[in-house]
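Undergrad: Quick one, fold the following:
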Amino acid sequence: MRHLILRHKQILFFTIAGGISAVVEIGSFKILSVYLPRIFIAEYNLYGIKYPFSNILSTSCGILTNYFLSIWFVFTRGRYSKRREFAYFVCLSFVSTFIGLFLFQILYHFIFRDALDLGIFVVSREMMSKIVSIVIVSLLNYSIKKKMIFNG
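TA: Coordinates of the predicted model:
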């Protein structure tokens, strides 16, 4: 078991960093999706898009958390300067944000029709959509970040 963990240490650390980043993103999304609609009524429906500002702001929090955890614990420094590496990371994250926003809308409008009652608590359509879109985008991000930004 120890040999397996050491062999796949980067994937394990990426999963932990991704989990922490996801907690930051989901937590900030939950807070923002409750309080932003009180300030911006369009947050509920901006030209058919549900929770756009909450999604973008919470994803930004998750991206920054993920960047710092990635450079501290997951990947070794790449062949680029810190500035260029950060720029590539942000560009990839920008594209990922739109992919995540698109996936969220698809999941929210077409897949998750009802809240999930787990007995202890209820998982809303918004939260289920957010969690699933994070998982899908994370899988894509790992492979691209490893190959293109950091030493792969």
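Undergrad: which helices and strands does the longest helix belonging to the chain pack with?
TA: In the chain, taking DSSP state H as the definition, the longest helix is helix 9-39. Packed against helix 9-39 by the contact rule (3 or more CB pairs under 8 Å, 6 or more residues apart in numbering; DSSP states H and E) you find helix 52-69, helix 125-144. In this view, the C-beta of every residue, glycine as well, is placed from N, C-alpha and C.
Undergrad: Buried ones in the first one, by neighbour count?
TA: Taking 16 or more other CB atoms under 10 Å as the neighbour-count basis, helix 52-69 is seen to contain the buried residues 52-55, 57-63, 65-67, 69.
Undergrad: Would you pull up how far it lies from the middle of the chain?
TA: Between the mean C-alpha location of helix 52-69 and the chain-wide mean there is a distance of 7 Å, by CA atoms, centre = their mean, to the nearest Å.
Undergrad: How about residues contacting that helix?
TA: Helix 52-69 is touched from outside by 17-18, 20-22, 24-26, 28-29, 32-33, 36, 40, 43, 46, 86, 89-90, 93, 96-97, 100-101, 104, 130, 134, 141, with contacts defined as CB atoms under 8 Å, 6 or more residues apart in numbering.
Undergrad: Let's see that with 6 Å instead.
TA: Contacts to helix 52-69, defined as CB atoms under 6 Å, 6 or more residues apart in numbering, come from residues 17, 21, 24-25, 28-29, 32-33, 36, 43, 46, 89, 93, 97, 101, 104.
Undergrad: contacts for the helix or strand following that helix?
TA: Read in the C-terminal direction, the helix or strand following helix 52-69 is helix 82-106, with elements assigned using DSSP states H and E. In this structure, residues lying in contact with helix 82-106 by CB under 6 Å, 6+ apart are 55, 59, 63, 67, 78, 129, 133, 136-137, 141, 144, 149.
Undergrad: do that again at 7 Å, thanks
TA: With CB atoms under 7 Å, 6 or more residues apart in numbering as the contact definition, helix 82-106 has outside contacts at 49-50, 55-56, 59, 63, 67, 78, 80, 129-130, 133-134, 136-137, 140-141, 144-145, 149.
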